[in-house]
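Participant: structure for this input, please:
(one chain, ligands or ions: 2)
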Amino acid sequence: MREERDVAQALAAYPLRVRGLERVSSGHINLTFRVEADEGPFILQRLHPVFGPEVHVDIEAVTAHLAARGLTTPRLVRTRDGELWTPGPDGRPWRVLTCIPGRVVLAAESPARCAAAGACLGRVHRALWDFEHPFAHRRVGVHDTLRHLARLRAALAEHRDHRLFHEIEPLAAAILAAAEKLALPAELPLRVVHGDPKISNFVFADDGSARAMIDLDTFSRMALPLEIGDALRSWCSPRGEESTEPVDIDHFRAAIEGYATAVGDLPTTLEREATPLATALIAVELAARFCTDALEERYFAWDSSRFPSATEHNLVRARAQLVFGHSVLSRLPALQEIVRAAW
Ligand code: GN1
Ligand code: MG
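Facilitator: Ligands and ions are numbered 1, 2, ... in the order given. Take a look at the predicted model:
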């Protein structure tokens, strides 16, 4: 198989004695394997084209900074030639990272889980607050909500003949309507953030503490409430991002308390107070992204053992995110109060 050949070729670039290989399918974007080698466990990944190879310069700088501050983090493993990545036969980058031992979960099933993740996210933000590295890789417009909405409108116009258009169209209309109420203050400062703090991007130890954040391609400077909102939209769904459920208030409280304790007084009042609205914004924006992919069927990985096509899977995800976003909007005053109390 071509994929097997590519994996073997990528691994050959590294000074590792490989004993075993296992596909990891929890992420939606990069092709990922766990590698057992005499030297220890590692993660091998083929980078998705949404990222450029220069992202490895950023990963190296961020992880060196985190490690120097005493935080646990995956590190890039150098190739035999001392490079941070190696090109596959088609030119696409492959890279190897150290594997942090522990457990990855697909849903934050308890408030304690949220408190642990919150503490870890707060430590990462604190450690990077003074990080001055100019990022080599930029994903322009990651959380440019208007751009995501425009893409959804364009996909609607382009795929009118999609076999499930009659189901997708009303959902898209509801997403576009919900997005109208969602503008953050324009003057939020930019901070160094992870960029994708969903619960499956943390590794947990046996005692329940979160050891590290993983999935390091998205570090960037952006408005802090977008980052915390992205975390909360994931962590406050106890059955995971694909299940249709409202925001779990106990999860929200535990997450914010864990985060506030670890990050301390670095975030401004404006940043703290924008967090509940940003949680709704990110959920609706993600609903738009999933809904666009329900029409285009080309971006997010999907599970063929549970769904007949990418469309059905992305429809479930889009609906779940929209319901979640609505539930946050309907509870904004209570969530604001939790944020005020936590700091
Ligand atoms: C993707 O790569 P992964 O599965 O950790 C996506 C995020 C979404 C997330 C939703 C580069 O993250 O933006 O929030 O799915 N990553 C990219 O689960 O698009
Ligand atoms: Mg991931």
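Participant: once you drop chain neighbours, what's closest to Arg80?
Facilitator: Excluding the flanking residues, the one nearest Arg80 by CB to CB, 6 or more residues apart in numbering is Pro15, at 5.3 Å. Every residue, glycine included, has its C-beta placed from N, CA and C.
Participant: the one you found contacts Thr86, correct?
Facilitator: No. Pro15 is not in contact with Thr86 according to CB atoms under 8 Å; the separation is 12.0 Å.
Participant: looking at these two, which is more packed in?
Facilitator: The neighbour count for Pro15 versus Thr86, taken as other CB atoms under 10 Å, is higher for Thr86 (19 against 10).
Participant: the closest residue to that one other than its chain neighbours: neighbouring residues, count only.
Facilitator: The spatially closest residue to Thr86, leaving aside those adjacent along the chain, is Ala13, at 3.9 Å (CB to CB, 6+ apart). Neighbour count of Ala13, defined by other CB under 10 Å: 19.
Participant: ok, now which ones touch Ala13?
Facilitator: The contact partners of Ala13, by CB atoms under 8 Å, 6 or more residues apart in numbering, come to 79-81, 83, 86, 94.
Participant: ok, it to ligand 1 distance?
Facilitator: 23 Å (CB to the nearest ligand atom, to the nearest Å).
Participant: quick check: phi and psi on that residue?
Facilitator: Note on Ala13: its backbone torsions stand at phi -80, psi -10 [degrees, to the nearest 10].
Participant: what score does it have for pLDDT?
Facilitator: Ala13 is assigned 98 on the pLDDT scale.
Participant: got the residues of this structure near ligand 2?
Facilitator: Proximity of the chain to ligand 2, by CB under 5 Å from the ion, involves residues 27, 201, 215.
Participant: just the buried residues out of these, in ChimeraX syntax.
Facilitator: Listed next is the ChimeraX selection for buried residues among the residues of the chain next to ligand 2, using 16 or more other CB atoms under 10 Å:
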select :27,201,215
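Participant: show me which of the residues of the chain next to ligand 2 has the smallest pLDDT value.
Facilitator: Gly27 (91).
Participant: quick one: contacts for the residue positioned nearest the centre of the chain?
Facilitator: Geometric centre of the chain, nearest residue: Asp196, 2.5 Å, by CA atoms, centre = their mean. By CB under 8 Å, 6+ apart, the contact set of Asp196 is 215, 217-218, 230.
Participant: change it to 6 Å
Facilitator: Taking CB atoms under 6 Å, 6 or more residues apart in numbering as the criterion, Asp196 is in contact with 215, 218.
Participant: next: Val62.
Facilitator: Phe219.
Participant: so how far is ligand 2 from it?
Facilitator: From Val62 over to ligand 2 the distance is 16 Å, taken as CB to the ion, to the nearest Å.
Participant: secondary structure element for that residue?
Facilitator: Assessed by DSSP states H and E, Val62 sits inside helix 55-68.
Participant: re earlier: so the residue nearest to the centre of the chain sits in a helix?
Facilitator: No. Assigned with DSSP: H, G, I helix; E, B strand; the rest coil, Asp196 falls outside any helix and is coil.
Participant: identify the residue spatially nearest to the residue of the stretch 1-150 of the chain at minimum distance from ligand 2, adjacent ones excluded.
Facilitator: In the stretch 1-150 of the chain, no residue comes nearer to ligand 2 than Gly27, which is 3.8 Å away by CB to the ion. In this structure, Gly27 finds its nearest non-sequential neighbour in Asp215, 6.7 Å apart by CB to CB, 6+ apart.
Participant: check Ala10 too.
Facilitator: Spatially, and ignoring its direct neighbours in sequence, Ala10 is nearest to Trp94 (3.7 Å; CB to CB, 6+ apart).
Participant: now for the one you found: which residues touch it?
Facilitator: So Trp94 contacts 10, 46, 86, 88 (CB under 6 Å, 6+ apart).
Participant: show me which pair in these is furthest apart.
Facilitator: In the contacts of Trp94, two members sit farther apart than any others by CB to CB. They are Arg46 and Thr86, at 10.3 Å.
Participant: who's in contact with the closest residue to ligand 2 within the stretch 51-200 of the chain?
Facilitator: Closest residue of the stretch 51-200 of the chain to ligand 2, CB to the ion: Ser200 (5.4 Å). With contact set as CB under 6 Å, 6+ apart, Ser200 has these partners: 26, 104, 106.
Participant: can you do 10 Å?
Facilitator: For Ser200, the contacting residues are 26-28, 104-108, 214-215, 234, 240-241, by CB atoms under 10 Å, 6 or more residues apart in numbering.
Participant: among those residues, who's most crowded?
Facilitator: Counting by other CB under 10 Å, top hit in those: Ala108 with 30 neighbours.
Participant: secondary structure class for it?
Facilitator: Under three-state DSSP, Ala108 falls in the coil class.
Participant: in this structure it contacts Asp248, no?
Facilitator: Yes. Here Ala108 lies in contact with Asp248, judged by CB atoms under 10 Å, at a distance of 8.7 Å.
Participant: overlap of the contact sets of the two?
Facilitator: Both Ala108 and Asp248 are in contact with 114, 232, 235-239, 254-255, where contact means CB under 10 Å, 6+ apart.
Participant: one step back: a markdown table for the contacts of Trp94, including secondary structure, distance to Arg69 and pLDDT?
Facilitator: Putting the contacts of Trp94 into a markdown table (DSSP: H, G, I helix; E, B strand; the rest coil; distance: CB to CB, whole Å; pLDDT from 0 to 100) gives the following:
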| residue | secondary structure | distance to Arg69 | pLDDT |
| --- | --- | --- | --- |
| Ala10 | helix | 31 | 97 |
| Arg46 | strand | 30 | 97 |
| Thr86 | strand | 29 | 98 |
| Gly88 | coil | 33 | 94 |
